[in-house]
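Asks: A structural model of the following input is requested.
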Amino acid sequence: MDRRTYLATVCSTGAVTTAGCSTVAGKQTLSEPTVRTESDGRKALIFTENDSEVGHFGVDGSVSSDCIDLSTEIWHRDGTEVQSIKLRVWMPELAPESAAEVAVVSPVEGDSSPPPSIALYTPDRDLGTVIEISDLDDLADETISTLNLTVNPGAETATALKIHATIELTGGGVLSSDYSLDGELQLTYPELGNE
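Replies: Now for the predicted structure:
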């Protein structure tokens, strides 16, 4: 075989292999999670791919002094890191007339890094309050259970709460996939009407 023909064949095979590898990885959106319900105020979105859990977003809420105290948990499988978190929180019974007041009440930070970037705002064309968290540093590869919220409904009749979660995960390797986990929970706190 001619040396040039051999090199051309090897180079073109290498290019095909590399191209194939780049299509294996990529970004996948998982937007049809299973909802696991422990109670009306404690639920989780479970995101799976090929019957294997990629991540979950869980909320556990309780009512005190006419406010809903929420603790959250974001778990993701080994080999992935959390790139960003976006939560949109609203009370559907009040929207769009008035918005509930939402506050981040616990520091979202790791052991040795500065706190991540947190933005809290009201979207222009959507209901509720948005919490965006990025620059997670040493929290990125851990289960994140330090994000706590307080929601003041502002009306005695509102008992339902919705949370839309979008969590961006990066796979961190050539053959690894990046994921966008996207889903919505509705939680109910009937005790709000009794306080």
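Asks: Please make it C-alpha for all contacts and neighbour counts, starting now.
Replies: Will do.
Asks: can you give me the helices in this structure?
Replies: Remark: helices assigned in the chain by DSSP state H are 3-24.
Asks: which secondary element of it has the worst mean pLDDT?
Replies: When the helices and strands of the chain are compared on mean pLDDT, DSSP states H and E, helix 3-24 comes out lowest with a mean of 41.
Asks: Could you list everything the residue nearest the centre of the chain pairs with in the sheet?
Replies: Nearest to the mean C-alpha position of the chain, counting by Cα atoms, centre = their mean, stands Ile167 at 2.8 Å. For Ile167, the beta-bridge partners are Ile85, Leu181 (DSSP bridges).
Asks: From Phe47, how far out is it?
Replies: Shown here: Ile167 relative to Phe47, a distance of 11 Å by Cα to Cα, to the nearest Å.
Asks: same deal with Gly183?
Replies: Gly183 is 9 Å from Phe47, by Cα to Cα.
Asks: ok, the two, which is more surrounded?
Replies: Counting neighbours by other Cα atoms under 10 Å for Gly183 and for Phe47 shows that Phe47 has the greater number, 24 against 21.
Asks: Find the residue closest to the more buried one in space, skipping its chain neighbours.
Replies: Distances taken as Cα to Cα, 6 or more residues apart in numbering place Pro33 nearest to Phe47, at 4.8 Å, with adjacent residues excluded.
Asks: and the one you found, how many neighbours does it have?
Replies: Using other Cα under 10 Å: Pro33 sits among 20 other residues.
Asks: That one against Thr166, yeah?
Replies: No: using Cα atoms under 8 Å, Pro33 is not in contact with Thr166, being 11.7 Å away.
Asks: low-scoring pLDDT stretches of the chain, where are they?
Replies: The chain contains residues with pLDDT under 70 at 1-25, 95, 106-112, 172-175, 195.
Asks: please redo it, this time with the cut-off set to 80
Replies: 1-25, 95-99, 106-115, 156-157, 172-176, 193-195 (pLDDT under 80).
Asks: would you list every one of the strands in it?
Replies: Per DSSP state E, the chain carries strands over the ranges 26-30, 34-39, 42-49, 52-64, 67-76, 81-90, 101-104, 117-121, 129-134, 148-152, 160-170, 177-188.
Asks: Point out the most buried one among the ones you listed.
Replies: Highest mean neighbour count among those (mean count of other Cα atoms under 10 Å): strand 81-90, with a mean of 22.
Asks: what's in contact with it?
Replies: Contact partners of strand 81-90, identified using Cα atoms under 8 Å, 6 or more residues apart in numbering, comprise 76, 99-100, 102, 127-136, 139-142, 161-172.
Asks: got it, and stretch 121-128?
Replies: Contact with stretch 121-128 is made by 88-91, 95-96, 99-100, 129-131, as judged by Cα under 8 Å, 6+ apart.
Asks: want to throw these into TSV with distance to Ser117?
Replies: Shown next, in TSV, are these (distance: Cα to Cα, whole Å):
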residue	distance to Ser117
Arg88	16
Val89	18
Trp90	22
Met91	25
Ala95	28
Pro96	28
Ala99	24
Ala100	23
Thr129	16
Val130	14
Ile131	10
